[in-house]
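# Can you look at this prediction? I've put the sequence above it.
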Amino acid sequence: MSELKVNSIKGVGASTAAITVNNTDGTCTANITNRTNKNLIINGAMNVAQRGTSSTSTGYQTVDRFTSSYGNTGNTVTQAQADVASGTTPYTLGFRKALKISMSGAGTVNSNSYIDSFQKIEAQNVATSGWNYLSSSSNITVSFWVKVSTNQTFYVRLYADDTGSKTYCFSYTASGNNTWTKITKTIPGNANLLFNTDNGEGLRVQFYMFYGTDYTGTRNLDTWETAGSSHTPDQATTWYTAGASTWEMTGLQVEVGSVATDFEHRSFAQELALCQRYYQRYREGNNKSLGLAFAFGTNEVDLPISFIVPMRATPSLEQNVATSGYVGIENDSVGGSQYVNDNFTLQFGSTNGCNLYADPSPTLTVGQAVHLTLRNAAAYLAFNSEL
């Protein structure tokens, strides 16, 4: 019987080993490209956009799980879900959508100007990921595709919220103007990191298009440091002042290990369910059923809600129903001539469901069962438990 004893197995042209063998206990570590459930980022292919596909407002507005902020730029900034052009890489790798940040014209350079986009990862998802984040020999790898209209040095920051605000900043450049480039960065653990096993913010992955000098300055790259007022080193203004600038990203993956493996393409249904833990567009549009409700009182109609999937925390209610005629009341006596004419109020909320109540017009009979429907294309109900 023959036996092969090696420390590792590596490809001829590879810089890292495919398989590393532990010499004492016989176990091994392998860099496998098709692992499942490896991506700590949700909606990294930018396919889900429950709120809409374009907005000039800040915050969570378009691509799910990504929030963008901007201000004091001197022009209009738009965040959008954009198409990846056919024939390009990453299109050939299965990517069809991207997160796009665009400016209406050249930005005004102010010390308090800012444009960024980021995703917050739950602390428990980092804590239980398998990353030994206290060890500098244990790594996570960030990878993404990026396309910018004007190339320069850009920055990414990882921000650890549970650990006394530790931050890790690195830089990247695209290969050229309006050219898709894949960026990879391996980041070690650190003895000062901490991620609680809870549903709060654990790790923020933040992309900077431009920050003014109020928010930049002394900041080392490629090392964990205590966070402060300076997010990154001072940033170039090349992209920001070029005029009608664009920044696009897709294929964002954060995974345990020192190698950027193939992107984990989840089905749309899987990705949507993961997003709905944080935001659910419960119903929207014309002639959409809200469900069976009942008259708790003559001036109160109650609508019990079961969430599509359990949410991260008890959510807040987002709605556009207060306009007269947006929510109709259907029952055997009124024939659809009654309406809910004000906003719903959320009560008895939990991660699994809640009750909504509002005033009907005209009044109902106590105990009467009714069917509520949305009656306008602009009407919607949504629940939000974003980090």
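Right, received. Where do you want to start?
# So residue 274 belongs to a strand, correct?
No. Going by DSSP: H, G, I helix; E, B strand; the rest coil, the assignment for residue 274 is helix, not a strand.
# Any figure for the gap between it and residue 50?
12 Å (CB to CB, to the nearest Å). No exception for glycine: its C-beta is placed from N, CA and C like everyone else's.
# out of these two, which sits in the more crowded spot?
residue 50 (19 against 16; other CB atoms under 10 Å).
# so the residue nearest in space to the middle of the chain, which of the three states?
For the chain, the residue nearest the mean C-alpha position is residue 65 (2.0 Å; CA atoms, centre = their mean). Put simply, residue 65 is coil when judged by three-state DSSP.
# Hmm, residue 42 and it touching each other?
Yes. Counting by CB atoms under 8 Å, residue 65 touches residue 42, with 4.7 Å between them.
# Determine the residues that are contacts of both of the two.
Common neighbours of residue 65 and residue 42 (criterion: CB atoms under 8 Å, 6 or more residues apart in numbering): 119, 275, 278.
# As TSV, the residues you listed with distance to residue 181 would be great.
As requested, the shared contacts of residue 65 and residue 42 are exported to TSV (distance: CB to CB, whole Å):
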residue	distance to residue 181
119	20
275	27
278	29
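# so what's the residue nearest to residue 307 when sequence neighbours are not counted up against?
Distances taken as CB to CB, 6 or more residues apart in numbering place residue 353 nearest to residue 307, at 5.5 Å, with adjacent residues excluded. Applying CB under 8 Å, 6+ apart to residue 353 gives the contacts 304, 305, 306, 307.
# same question, residue 94
Shown in contact with residue 94 (CB under 8 Å, 6+ apart): 45, 263, 265.
# what's the spacing between the last one and residue 289?
Read that as residue 265. Residue 265 sits 33 Å away from residue 289, going by CB to CB.
# Same check on residue 300?
Distance of residue 300 to residue 289, given as CB to CB: 20 Å.
# same question, residue 308
14 Å.
# Please identify which of the two sits among more neighbours.
For residue 308 versus residue 289, neighbours defined as other CB under 10 Å are more numerous around residue 308 (14 against 11).
# Pretty sure that one sits in a helix.
No. The assignment for residue 308 (three-state DSSP) gives coil, which keeps it out of a helix.
# Spit out the contact partners of it.
273, 276, 280, 282.
# Now residue 358: phi and psi?
Main-chain dihedrals, residue 358, degrees, to the nearest 10: phi -160, psi 170.
# That one - how many residues pack around it?
The burial count assigned to residue 358 is 23, neighbours taken as other CB under 10 Å.
# go on, residue 56?
Residue 56: 13 neighbours (other CB under 10 Å).
# Quick one, grab the pLDDT at it.
Note on residue 56: pLDDT of 98.
# likewise residue 32?
For residue 32, the pLDDT comes out at 62.
# Could you do the one 10 residues further on as well?
The per-residue pLDDT reported for residue 42 equals 98.
# how close does it sit to residue 252?
Separation of residue 42 from residue 252 (CB to CB): 10 Å.
# One more: residue 132?
Counting by CB to CB - residue 132 and residue 252 are separated by 23 Å.
# between these two, which one's more packed in?
residue 252 (26 against 12).
# Report the mean confidence score over whatever helix or strand that one lives in.
Using DSSP states H and E, residue 252 sits in strand 246-256. The predicted model gives strand 246-256 an average pLDDT of 98.
# by contact count, what packs against it?
Here strand 246-256 touches strand 97-103, strand 114-122, strand 139-148, strand 201-211, going by 3 or more CB pairs under 8 Å, 6 or more residues apart in numbering; DSSP states H and E.
# what are the pairing partners of the last one, and which direction each?
In the sheet, strand 201-211 lines up against strand 114-122 (antiparallel), strand 154-160 (antiparallel) (DSSP bridges).
# which residues are contacting the last one?
Right, the one you point to is strand 154-160. The contact list for strand 154-160 (CB under 8 Å, 6+ apart) reads 142, 146, 148, 165-173, 185, 187, 193-195, 202-209, 224, 227, 231-233, 235, 239, 247.
# go with 6 Å
Residues outside strand 154-160 that contact it (CB atoms under 6 Å, 6 or more residues apart in numbering) are 166-172, 193, 203-208, 231-232.
# which of those tops the neighbour count?
Most surrounded of the contacts of strand 154-160: other CB under 10 Å gives residue 203, at 28 neighbours.
# Please report how far the residue lying closest to that one once chain neighbours are set aside lies from residue 11.
Nearest non-adjacent residue to residue 203, counting by CB to CB, 6+ apart: residue 121, 4.5 Å away. Using CB to CB, residue 121 is found at 31 Å from residue 11.
# next one: residue 313
Distance from residue 313 to residue 11, by CB to CB: 45 Å.
# before we move on, back to that, most neighbours of all the contacts of residue 94, which one?
Within the contacts of residue 94, most neighbours by other CB under 10 Å means residue 45, with 27 neighbours.
# Next, the contact list for that residue, please.
Counting by CB under 6 Å, 6+ apart, residue 45 makes contact with residue 95.
# just residue 102 next, same as before
Contacts of residue 102 by CB under 6 Å, 6+ apart are 78, 246.
# Tell me how many other residues surround residue 347.
Count around residue 347 with other CB under 10 Å applied: 10.
# Give me the spatial nearest neighbour of it, chain neighbours excluded.
residue 355 (5.2 Å).
# who touches that neighbour in this structure?
If you count contacts by CB under 6 Å, 6+ apart, residue 355 has them with 302, 304, 347, 348.
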